[in-house]
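1. sequence plus predicted model, see below.
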Amino acid sequence: MATLFIIADIFGRTRALEAMGQELSDTIPDTRIIDPYQGLDHRFETEARAYDYFTDRVGLASYASILTEALASPGPDTVLIGFSVGASALWSVSDRPFRRHIQKAFCFYGSQIRQYTGVRPRFDMDLIFPKQEPHFAVDELIHALAGKDRVSCSKAPALHGFMNKLSPHFDPDCYSVFMEYLKTEMTSLKKEKK
């Protein structure tokens, strides 16, 4: 049986993320959340506070270590979905030889991927970027990643955070479209394994 890991953004494990996991568990029942705060919901009042807390207390390298540890034990076919810093942490370790069999990863608006363009993932990854980012040109990053084996890039018609109900850029229409996309993709992966 497959396992789905949802890799949280700077907000960590939240009720909204748990609800997403519950909805996706209809497709892959064994659904788990990896977050940077050991399962605590800090209920950050703003995205800025969540960012400051993550930056001061965890950081991308430590989050990548948490993720690596979670994926180290052998297991069934695994699907990964990462958001923002979770997507960036996933990308940064995607070239490591995990013992767990990873079927595919979906990374939403992993802006720090731009710091690791030399990474060559060992499993298929769909990178979904926002239509724009304030600190870099999305199209240039997509161009830099074009042609990499196992990597597919696309842009959503929304801003960074569109899948997070706590983000000021949450986009309910995009959320619905991409939830259906994820369910369809995961169903296809299950059929391929049969």
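-> Yes, it's here. As the structure is a computational prediction, the values presented were derived from the model and not from experiment.

2. and residue 105, that's in a helix?
-> No. Counting by DSSP: H, G, I helix; E, B strand; the rest coil, residue 105 falls outside a helix, being strand.

3. that one and residue 124 touch, don't they?
-> Yes. Using CB atoms under 8 Å, residue 105 makes contact with residue 124 at a distance of 7.1 Å. For every residue, glycine as well, the C-beta is placed using N, CA and C.

4. show me which of the two is the more surrounded one.
-> residue 105 (24 against 16; other CB atoms under 10 Å).

5. could you pull out the strands for the protein?
-> All strands of the chain, identified by DSSP state E, fall at 3-7, 30-34, 78-83, 102-108, 124-129, 151-155.

6. can you lay out these as JSON lines showing distance to residue 58 and mean pLDDT?
-> Below are the strands of the chain laid out as JSON lines (distance: least, CB to CB, whole Å; pLDDT from 0 to 100):
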{"stretch": "strand 3-7", "distance to residue 58": "13", "mean pLDDT": "96"}
{"stretch": "strand 30-34", "distance to residue 58": "12", "mean pLDDT": "95"}
{"stretch": "strand 78-83", "distance to residue 58": "15", "mean pLDDT": "97"}
{"stretch": "strand 102-108", "distance to residue 58": "18", "mean pLDDT": "96"}
{"stretch": "strand 124-129", "distance to residue 58": "22", "mean pLDDT": "97"}
{"stretch": "strand 151-155", "distance to residue 58": "26", "mean pLDDT": "97"}
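
7. okay, these, which one's buried deepest?
-> strand 78-83 (a mean of 26; mean count of other CB atoms under 10 Å).

8. show me what that one is packed up against.
-> strand 3-7, helix 85-93, strand 102-108, helix 172-193 (3 or more CB pairs under 8 Å, 6 or more residues apart in numbering; DSSP states H and E).

9. out of these, nearest to residue 57?
-> helix 85-93 (12.5 Å; CB to CB).

10. which other helices and strands contact that closest one?
-> Checking 3+ CB pairs under 8 Å, 6+ apart, helix 85-93 ends up next to strand 3-7, helix 60-70, strand 78-83, strand 102-108, strand 124-129.

11. quickly list what's touching both of residue 105 and residue 124.
-> Overlap of the contact sets of residue 105 and residue 124 (by CB atoms under 8 Å, 6 or more residues apart in numbering) is empty.
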